[in-house]
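>>> Sequence and predicted model, in that order:
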Amino acid sequence: MVEKVPVIVVIDDSPTSLSLYELSTVPLDVELRTFQSPAEALSHLEQHPVNLIFLDLIMREMDGLSLLRRLRDWDTHHHTPVIIVTSKDYAQDRTLTAELGVLDYRVKPLTSQEIRSLIRTHTAPKPRRAAKLEP
């Protein structure tokens, strides 16, 4: 059986942040898709399932909370794992994102090691359960 490579999406309007994700994931066996435009990301996500999303909250075109609410309304992304990575560290945002089912809330800047660790943790294959043998 061939394992599928995890698909990771990053939505952040900062080219510097996107470059960090690109460099950080080079040693990993993942497919990285980056979007500076939240609208382009939504258009892509409407048609494609993914394994993990890194989402910034502060973007010019559309804020991350609005994007996350739209994703959660779709059956295909109602439970897609999302990690918030933002420069905002407000309790209200942490509470709202937790209510929307995010995995984690991280404050920028992240290191390459943190990015790789989050990806490994949240895309690792789940261990198979052993079949029960009937006596």
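That came in fine, so what should we check first? Every value quoted in this text rests on a predicted model; they were computed, and no experiment measured them. Residues are numbered from 1 along each chain as shown.

>>> use CA for all of it now, contacts and neighbours both
OK.

>>> which residue is nearest the middle of the protein?
Ile53 (1.5 Å; C-alpha atoms, centre = their mean).

>>> what residues are up against that one?
Ile8, Val9, Val10, Ile11, Thr80, Pro81, Val82, Ile83 (C-alpha atoms under 8 Å, 6 or more residues apart in numbering).

>>> Most neighbours among those, which one?
Within the contacts of Ile53, Ile11 tops the neighbour count with 27 neighbours, counted by other C-alpha atoms under 10 Å.

>>> Distance check, Ile84 against Val5.
Relative to Val5, Ile84 is positioned 22 Å away (C-alpha to C-alpha, to the nearest Å).

>>> Compare the two (neighbour count), which wins?
Neighbour totals were compared for Ile84 and Val5, and Ile84 leads with 25 against 12 (other C-alpha under 10 Å).

>>> and after the host helix or strand of that one, which helix or strand comes next?
Element membership of Ile84, judged by DSSP states H and E, is strand 82-86. Once strand 82-86 ends, the next helix or strand along the chain (criterion: DSSP H and E) is helix 91-99.

>>> any idea how far that following helix is from the chain center?
How far helix 91-99 lies from its chain's middle: 16 Å, per C-alpha atoms, centre = their mean, to the nearest Å.

>>> The residue nearest to the centre of the chain bridge partners, please.
Ile53 has these beta-bridge partners by DSSP bridges: Val9, Val82.

>>> Does Val5 lie in a helix or a strand, and which?
Counting by DSSP H and E, Val5 is part of no helix or strand.
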